[in-house]
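Engineer: Just to be clear, the model below is a prediction. Sequence and coordinates:
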Amino acid sequence: MSSIEITKDTYLQWYESMLLMRKFEEKAGQLYGQQKIRGFCHLYIGQEAVMAGTMSVIRPEDSLITAYRDHAHALAKGMSANEVMAELFGKATGCSKGKGGSMHMFSKEKKFFGGHGIVGGQIPLGAGIAFAEQYNGTDNVCICYMGDGAVRQGALHETFNMAMLWKLPVIFVCENNGYAMGTSVSRTTNMVDIYKIGLGFDMPCAPVDGMDPAAVHNALDEAVQRARRGDGPTFLEARTYRYKGHSMSDPAKYRTKEEVEGYKAKDPIEVVRATIEDKKYADKDWFDSINDKIKAIVDESVKFSEESPWPDPSELYTDVYIQPDYPYIRD
């Protein structure tokens, strides 16, 4: 069981944070259709419980790193809707100066380290962040998220081996939404219980209901306690679902309507709302006020982004890592 009690305030915070993720992503989808957001855009709609359950466990000084479906992770970690939306617009006021876009959200201050377009590329980086915390003698942890497709990468196995060998304070979370792009898990692996990959490394591992923030909270808390004690990593498979396609260019014709509707019947936001109502934690006026608050935040992020400047052309030459005295450059 969790060492961090799930209270009335926890449920209220879960509802508000998940609603922000959902409404932000819905607006992003609309703006993409209007061509105000371009390039790649991978929405998180349906998977919000994973991030809500994480944030009620970790501390601000703990790190997060993930793949390209990263808008909700950035918002959950405390980045403002303005800077995230402006990044989607490609504006200079975005969190990555408008040069990263949808897949490359980043905030050193919030200890959110992306946002990575290379499938599985964040996995060894997550272990590296955890190694830095261990090396510096902190008890901070790193949560490293990946999709079900990324677990096919060889880097995962190399990283798992090293993380266990050095007992790194990292929690690996596979957000298994059932599909690697448009290919179902059952078509890519003989072992559909992805969490069992951890068994080959003697790594503590478990499946988690990724549609229930309470289940995520409890599993993450146990893993975080283990990591803070110096007992090493954990691998969790959060079984969740995305209502939209892999990206905005994916019509998701490989799924049945019945499958999608089946998951919507246990939508995490509605389930949390029902719990709040059943336990009388809040009334209709509170829900209305939160809805109005979230709508205002999202609307303001769009206004902020539309009014923000484009990056100056000189930005092409900044934030590029070079060695000024590199000896092999010939003009």
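Structural biologist: On my side now, so go ahead.
Engineer: now residue 221: how far from residue 47?
Structural biologist: Here residue 221 is placed at a distance of 19 Å from residue 47 (Cβ to Cβ, to the nearest Å). C-beta here means a position set from N, CA and C on the backbone, and glycine is covered the same way.
Engineer: who's more crowded, the two?
Structural biologist: residue 47 (25 against 20; other Cβ atoms under 10 Å).
Engineer: Provide a list of residues in contact with that one.
Structural biologist: The neighbourhood of residue 47, defined by Cβ atoms under 8 Å, 6 or more residues apart in numbering, consists of 69, 72, 175, 177, 210, 240, 241, 242.
Engineer: Nearest to residue 289 among these?
Structural biologist: Set against residue 289, the nearest of the contacts of residue 47 by Cβ to Cβ is residue 72 (22.1 Å).
Engineer: Which secondary structure element is home to the closest one?
Structural biologist: Assigned by DSSP states H and E, residue 72 belongs to helix 71-76.
Engineer: can I get the CA coordinates of that helix in PDB?
Structural biologist: C-alpha atoms of helix 71-76 as PDB (Å, rounded to 0.1, in the frame of the first residue of the first chain):
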ATOM      1  CA  HIS A  71       2.300  17.600 -23.700                       C
ATOM      2  CA  ALA A  72       0.500  16.300 -20.700                       C
ATOM      3  CA  HIS A  73       3.700  15.300 -19.000                       C
ATOM      4  CA  ALA A  74       5.000  18.800 -19.300                       C
ATOM      5  CA  LEU A  75       1.700  20.300 -17.900                       C
ATOM      6  CA  ALA A  76       1.700  17.800 -15.000                       C
END
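Engineer: Check for me that residue 124 belongs to a helix.
Structural biologist: Yes: judged by DSSP: H, G, I helix; E, B strand; the rest coil, residue 124 forms part of a helix.
Engineer: what's near enough to touch it?
Structural biologist: Neighbouring residues of residue 124 by Cβ under 8 Å, 6+ apart: 155, 158, 159.
Engineer: wait, what's in contact with the first one?
Structural biologist: If you count contacts by Cβ under 8 Å, 6+ apart, residue 155 has them with 120, 121, 123, 124.
Engineer: quick one on the thing from earlier: which ones among the contacts of residue 47 lie within strands?
Structural biologist: Using DSSP state E to define strands, the subset of the contacts of residue 47 located there is residue 175.
Engineer: Most widely separated two among the contacts of residue 47?
Structural biologist: Across the contacts of residue 47 (Cβ to Cβ), the longest gap, 14.1 Å, separates 72 and 241.
Engineer: residue ranges with poor pLDDT in the stretch 1-150 of the chain?
Structural biologist: The stretch 1-150 of the chain contains residues with pLDDT under 70 at 1.
Engineer: element containing the residue lying closest to residue 182 once chain neighbours are set aside?
Structural biologist: The shortest distance from residue 182 to any non-neighbouring residue, by Cβ to Cβ, 6 or more residues apart in numbering, is to residue 254 (4.9 Å). Counting by DSSP H and E, no helix or strand carries residue 254.
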